[in-house]
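> sharing a model prediction with you, sequence too.
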Amino acid sequence: MKARIRPIPPEEGRGEAAALFEGVTRLLGRVANSYRVMAHQPYVAKMILPLTVALMREGLGTTLPTKIKEMAVIKTSHLNGCAY
């Protein structure tokens, strides 16, 4: 299936998109495809990034380990027929 919105590869990021990729890499350790798509609107993506970090990392007011959260994401994707 072809993407409706072309993800921006991190090496093609310019200006605010490049800054977004740098911040995402620092906080998450990689640039997820969702942020490659959101790079088309980097100011919005920068507002979502702290929420993503708070939801997925341990010790930021959450009780579930990150591994369990990742397993829930994978299982939900599988149940919804998502091949990604």
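On my side now, so go ahead. Numbers count the residues shown, from 1 in each chain.

> could you check how far residue 66 is from residue 5?
Distance, residue 66 to residue 5, using CB to CB, to the nearest Å: 28 Å. Yep, even glycine has a C-beta here, placed from its N, CA and C like the rest.

> what's the answer for residue 33, then?
Relative to residue 5, residue 33 is positioned 11 Å away (criterion: CB to CB).

> tell me the SS of residue 4?
coil (DSSP: H, G, I helix; E, B strand; the rest coil).

> okay, now residue 15: neighbour count?
8 (other CB atoms under 10 Å).

> between residue 66 and residue 5, point out the one with more neighbours.
Neighbours per residue, other CB under 10 Å: of residue 66 and residue 5, the larger number sits with residue 66, 13 against 9.

> can you tell me the SS state at the closest residue to that one other than its chain neighbours?
Sequence neighbours aside, residue 58 is the residue nearest to residue 66 in space, at 5.2 Å (criterion: CB to CB, 6 or more residues apart in numbering). Per three-state DSSP, the secondary structure class of residue 58 is coil.

> all helices of the protein, in order?
16-28, 33-38, 42-56, 66-79 (DSSP state H).

> which other residues reach stretch 36-44?
3, 5, 7-10, 13, 15-17, 19-21, 45, 48 (CB atoms under 8 Å, 6 or more residues apart in numbering).

> top of those residues by neighbour count?
residue 20 (25 neighbours).

> distance check, that residue against residue 12.
Taking CB to CB, one finds residue 20 at 12 Å from residue 12.

> and what of residue 38?
Distance of residue 38 to residue 12, computed by CB to CB: 14 Å.

> can you tell me which residues contact the residue nearest to residue 33 when sequence neighbours are not counted?
In space, and not counting its chain neighbours, residue 33 is closest to residue 7: 5.6 Å by CB to CB, 6+ apart. Residues in contact with residue 7 (CB under 8 Å, 6+ apart) are 33, 36, 37, 39.

> quick check, nearest of those to residue 78?
residue 33 (17.2 Å; CB to CB).

> tell me how many other residues crowd that closest one.
For residue 33, using other CB under 10 Å, the count is 11.
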